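**Student:** here are the coordinates; sequence isn't available:
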């Protein structure tokens, strides 16, 4: 069987697709279109023909997006109630059937051809673009740096414990955004601190690891669905691994600034002693606040005989130390397998799913 006819047909289809895209871009004039956000909460007038994502960004509405509008991350999901056209094949890998029935779309793939009506969380209307200067860089481990940024414009940030920002990162195809959890506590209004692990080939981490003190950094935020229960009688459980430390540090220091007697557990998993960081700082904090309990566990075979702490996977330590049926709220940040195993343990301890917040990476 000859594949030549198939190849020719595919080439013809590709050429037609390109020509249609060019014609649509240069020849079709959609005129002025309106974006109606949350039923008249905010109205935007724009020139039709652009993507919904780029139109929102051009009007300082920064919804989460990591791939620069290329349709490869799936973060920019919003509800389009009318005017968005049919769901495109490029969206299907990132949308479940339930999400499609609920009118969720990828904003980067929706092209504005007419008035469009969308719904987004109202707090996203308050997301800002920040300009900051790099104030400090500290090696936490061989591959994790603590990066401190001082805000320039706006000069203050208001965020909840456990939220994240999106760093604007240069790339060959144009600026993209990469998400990093805030590790600084909420009472530090003029600075934002991050924990950044260097990922081989990672655009965002390579960019941040190569910055120098004094360099300018731009980011949007804050984002995130972590919501800390303010009731001091509710025990807080933080479980993390690797760069999953960042939101935990923000939560813990924010708690003890407000509620010095609150009960809180930190469980942190490391592979070896080379991966340990912040342990001494947390021990000092625990000396000041008897309700704070710090448990680090090493998962790899020990070569360092000086380690006298827990060993094994971190969910085993959670099972070992926590009693059952205590009113709790839990925050988890780490690899999917760690999240899954820890959630099972917490549910066995009596923590209901709606009181467990998690972030996988």
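**Tutor:** Looks like it arrived, so ask away. Please read these numbers as outputs of a predicted model, since none were measured by experiment. Numbers count the residues shown, from 1 in each chain.
**Student:** could you pull out the strands for the stretch 101-250 of the chain?
**Tutor:** Ranges of strands in the stretch 101-250 of the chain, per DSSP state E, counting those that start in this stretch, are 104-106, 116-119, 128-139, 144-153, 164-169, 176-181, 191-197, 216-223, 235-241.
**Student:** Which among the ones you listed is found nearest to residue 50?
**Tutor:** strand 116-119 (11.2 Å; C-beta to C-beta). (Each C-beta comes from the backbone N, C-alpha and C, glycine too.)
**Student:** can you list the residues that contact the closest one?
**Tutor:** Applying C-beta atoms under 8 Å, 6 or more residues apart in numbering, the contact partners of strand 116-119 are 33-39, 52, 78-84, 110.
**Student:** For that strand, which strands pair with it and how are they oriented?
**Tutor:** Paired with strand 116-119 in the same sheet, following DSSP bridges, are strand 32-37 (parallel), strand 77-82 (antiparallel).
**Student:** Helix or strand next in line after the first one, which one?
**Tutor:** What that stands for is strand 32-37. Next along the chain after strand 32-37, taking DSSP states H and E as the criterion, comes strand 42-47.
**Student:** Pop the domain breakdown of the protein in here.
**Tutor:** Following automatic domain parsing, the chain resolves into domains at 31-122, 127-223, 235-360.
**Student:** how about these in a markdown table, adding mean pLDDT?
**Tutor:** Output for these, formatted as a markdown table (pLDDT from 0 to 100):
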| stretch | mean pLDDT |
| --- | --- |
| domain 31-122 | 93 |
| domain 127-223 | 95 |
| domain 235-360 | 93 |
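**Student:** Residue 9: which of these is closest?
**Tutor:** For residue 9, the closest of the domains of the chain is domain 31-122, at 18.3 Å, according to C-beta to C-beta.
**Student:** Quick check: the nearest residue to residue 322 once chain neighbours are set aside vs residue 321, distance?
**Tutor:** With sequence-adjacent residues excluded and distances taken as C-beta to C-beta, 6 or more residues apart in numbering, residue 322 is closest to residue 349, at 5.2 Å. Relative to residue 321, residue 349 is positioned 10 Å away (C-beta to C-beta, to the nearest Å).
**Student:** ok, these two, which is more surrounded?
**Tutor:** Per other C-beta atoms under 10 Å, whichever of residue 349 and residue 321 has more neighbours is residue 349, with 17 against 13.
**Student:** coming back round to it: I'd like the domains of the chain laid out as TSV, including distance to residue 9.
**Tutor:** TSV is the format used below for those (distance: least, C-beta to C-beta, whole Å):
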stretch	distance to residue 9
domain 31-122	18
domain 127-223	30
domain 235-360	41
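**Student:** Out of those, flag the one nearest residue 15.
**Tutor:** Residue 15 lies closest to domain 31-122 among those, at 18.7 Å (C-beta to C-beta).
**Student:** What is the end-to-end distance of the closest one?
**Tutor:** Its first and final residues considered, domain 31-122 spans 28 Å by C-alpha to C-alpha, to the nearest Å.
**Student:** Over to stretch 315-328?
**Tutor:** Start-to-end span of stretch 315-328 (C-alpha to C-alpha) is 16 Å.
**Student:** mind listing what's buried in that stretch?
**Tutor:** Neighbour counts over stretch 315-328 (16 or more other C-beta atoms under 10 Å) mark 315-319, 322, 328 as buried.
**Student:** Among those, name the ones in helices.
**Tutor:** Taking DSSP state H, the ones among the buried residues of stretch 315-328 that sit in helices are 315-319.
**Student:** from those, which is closest to residue 286?
**Tutor:** For these, the nearest to residue 286 is residue 317 (15.6 Å; C-beta to C-beta).
**Student:** Check whether the closest one really touches residue 294, as I assumed.
**Tutor:** No. Using C-beta atoms under 8 Å as the test, residue 317 is too far from residue 294 to be in contact (11.0 Å).
**Student:** Could you verify my assumption that the residue nearest to residue 322 touches residue 324?
**Tutor:** Yes. With contact defined as C-beta under 8 Å, residue 349 reaches residue 324; the gap is 5.1 Å.
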